[in-house]
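# kindly return the folded structure for what I paste below:
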Amino acid sequence: MRSLSRRELFAQMLGAPLALSAATTPTAPVAIARCNSYGEDQAALLGSMFDSLGGLEKLVRNKTVTIKLNLTGSPALKFQGRPLGVTHYTHPSQVGALAHLLGRAGARRIRFVESCWGTPGPMEEYMLDSGWNVRAFENAAPKVEFENTNALGSSKKYARFKVPGGGLVFPSYDLNMAYQETDVFVSLAKLKDHATCGVTLAMKNIFGITPASIYGDDAGKDEPNENPTKGRVETCHFGKRQPSSSAAPELKPASSRESGYRMPRITAELVAARPIHISIIDGIETMAGGEGPWIRGVRLVKPGLMIVGTNPVTTDTVGTACMGYDPRAQGAGAFAKCDNTLLLAEQLGAGTADLKRIEVRGVPIGDAMFRFSL
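Numbers count the residues shown, from 1 in each chain. Next up is the predicted model:
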């Protein structure tokens, strides 16, 4: 992979021409902060970052806030025996700190969600299997809930989200009602490479909102299978099967079956269909070379960064630059083997991937940069 030099980074920020699509898409400031350890006061850190963006209270007071965690892969898959939160999972300290901050800011209801790998069971059990203290999260704020969105869960029907402009792979997605019954949607992500999508930040984290009951390898043919035990490789990654016929079929079944084509497009259209209001990217400790321990050659890294924004495309653009990659690259750098999710989301009007149009508050990108490629 070709990484972005500081000279190239600043050239892009200051001198490159504006792309037509980037000039008309939304932008929003992004905050970067240093944090070297999860032992530091995470609530104080996140609170100060939100303050630099205008404050958390105005975003969440008296509202239902739904937070998508990143719990990719089975809890049994650990890297070198390390705790999941310092490698490829959301770190539990971030979960507790965010719940506390949301409660203090006046959120009416706080719901943590994830389509838990290989099970339709209670999310609390999955979190316990991950070594987390669920009771501590419940006590962090007045009303905290958990929902496994791999199937119907506590709901009686699915919600349909249409992709603006008609979609790239699917025209719409049927999702757990938790993604509709919310006022504020948060992506609590990890700063990581991704073997298929180049990077996995706030936007790629949303790839996991698709329920396995409909889009999984053992999804029902006609109706959802409410007891799924497999992932979404055949449907979402490679298109070897269609989702349950209760959901909308693919727009172009003859289109490329390559995962480097499909996954960036599905990610971009999910973000356009189910917009993210707050993006939080944990780069304190993480892994480089891939998204999880099942990827050969991954390694532990400690960038010592936190990144927060109110637009997922601008936030991921800054995060990508902090990793040492060119956010607008295609066929090079992080996106050497896949299409660029940032540019696809930009084309769908979800936000700008042009660094020149993004105001960075806190630590400058040049000072925060930690090269993920060797």
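# would you state the strands of the stretch 251-374 of the chain in chain order?
278-283, 286-288, 299-301, 305-309, 360-362 (DSSP state E, counting those that start in this stretch).
# what's the burial count for Met369?
Met369 has 21 neighbours, counted by other Cβ atoms under 10 Å. For glycine as for every other residue, the C-beta is placed from the backbone atoms N, C-alpha and C.
# surely Ile276 is in contact with Ala189?
No. Judged on Cβ atoms under 8 Å, Ile276 makes no contact with Ala189 at a distance of 9.6 Å.
# one step back: of all the strands of the stretch 251-374 of the chain, which one comes closest to Leu69?
strand 278-283 (10.6 Å; Cβ to Cβ).
# contacts only, for the residue nearest to Met177 when sequence neighbours are not counted.
In space, Met177 comes closest to Ser155 once its chain neighbours are excluded; the distance is 3.8 Å by Cβ to Cβ, 6 or more residues apart in numbering. Contacts for Ser155 (Cβ atoms under 8 Å, 6 or more residues apart in numbering) come out as 176-178.
# so, low pLDDT: which residues of the protein?
Within the chain, the segments meeting pLDDT under 70 span 1-24.
# could you rerun that using 50?
1-4, 6-8, 10-20 (pLDDT under 50).
# can I assume Ala189 sits in a helix?
No. Per DSSP: H, G, I helix; E, B strand; the rest coil, Ala189 lies outside any helix segment and is strand.
# partners of it in the sheet?
Ile281 (DSSP bridges).
# any idea how far the nearest residue to Pro293 once chain neighbours are set aside is from Leu188?
Among residues not flanking Pro293 along the chain, Phe79 sits closest, at 3.8 Å (Cβ to Cβ, 6+ apart). Applying Cβ to Cβ, to the nearest Å, the value for Phe79 to Leu188 is 20 Å.
# what's the residue nearest to Met177 sitting at in phi/psi?
phi -90, psi 170 (degrees, to the nearest 10).
# quickly note the distance from it to Glu226.
Taken as Cβ to Cβ, the span from Ser155 to Glu226 is 11 Å.
# what do you get for Val199?
For Val199 relative to Glu226 (Cβ to Cβ), the value is 33 Å.
# ok, the two, which is more surrounded?
Higher neighbour count among Val199 and Glu226: Val199, with 25 against 13, using other Cβ under 10 Å.
# and the contacts of the helix or strand where that one lies?
In the assignment (DSSP states H and E), Val199 maps to strand 198-200. Applying Cβ under 8 Å, 6+ apart, the contact partners of strand 198-200 are 70, 189-190, 192-194, 264, 291, 316, 319-320, 323, 325, 333-338, 340-341.
# show me which of those residues are buried.
70, 189-190, 192-194, 264, 291, 316, 319-320, 323, 325, 333-335, 338, 340-341 (16 or more other Cβ atoms under 10 Å).
# the residues you listed in helices, which ones?
Counting by DSSP state H, these place 264, 316, 319-320, 341 in helices.
# farthest-separated two in those residues?
The two members of these with the most space between them (Cβ to Cβ) are Pro264 and Gly319, at 15.6 Å.
# I'd guess Glu145 is in a helix, am I close?
No. Residue state for Glu145 (three-state DSSP) corresponds to strand; a helix is not indicated.
# can you name the residues bridging to it?
Bridge pairing for Glu145 - DSSP bridges - gives Arg111.
# let me see the contact set for it.
Contacts of Glu145 by Cβ under 8 Å, 6+ apart are 109-112.
# so which of those wins on neighbours?
Within the contacts of Glu145, Ile110 tops the neighbour count with 28 neighbours, counted by other Cβ under 10 Å.
# just confirm that residue contacts Gly103, I think it does.
Yes. Using Cβ under 8 Å, Ile110 is in contact with Gly103, at 6.8 Å.
# common neighbours of these two, please.
141, 144.
# ok, back up a step: neighbour count winner among Phe79 and Leu188?
The neighbour count for Phe79 versus Leu188, taken as other Cβ under 10 Å, is higher for Leu188 (22 against 18).
# which ones are touching the more buried one?
Neighbours of Leu188 in contact, by Cβ under 8 Å, 6+ apart: 67-70, 90, 94-95, 98, 205, 280, 282.
# could you redo those as TSV and give each row distance to Leu305?
Listed next are the contacts of Leu188 as TSV, based on distance: Cβ to Cβ, whole Å:
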residue	distance to Leu305
Ile67	20
Lys68	20
Leu69	19
Asn70	16
Thr90	15
Gln94	13
Val95	18
Leu98	17
Asn205	16
Ile280	12
Asp282	8
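# which of those residues ranks first by neighbour count?
Asn205 (29 neighbours).
# picking that back up, mind giving me the ChimeraX command for buried ones among the contacts of Ser155?
Selection command for ChimeraX covering only the buried members of the contacts of Ser155, criterion 16+ other Cβ under 10 Å:
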select :176,177,178
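# which of the contacts of Ser155 lies closest to Thr27?
For the contacts of Ser155, the nearest to Thr27 is Ala178 (28.5 Å; Cβ to Cβ).
# no further questions, thank you.
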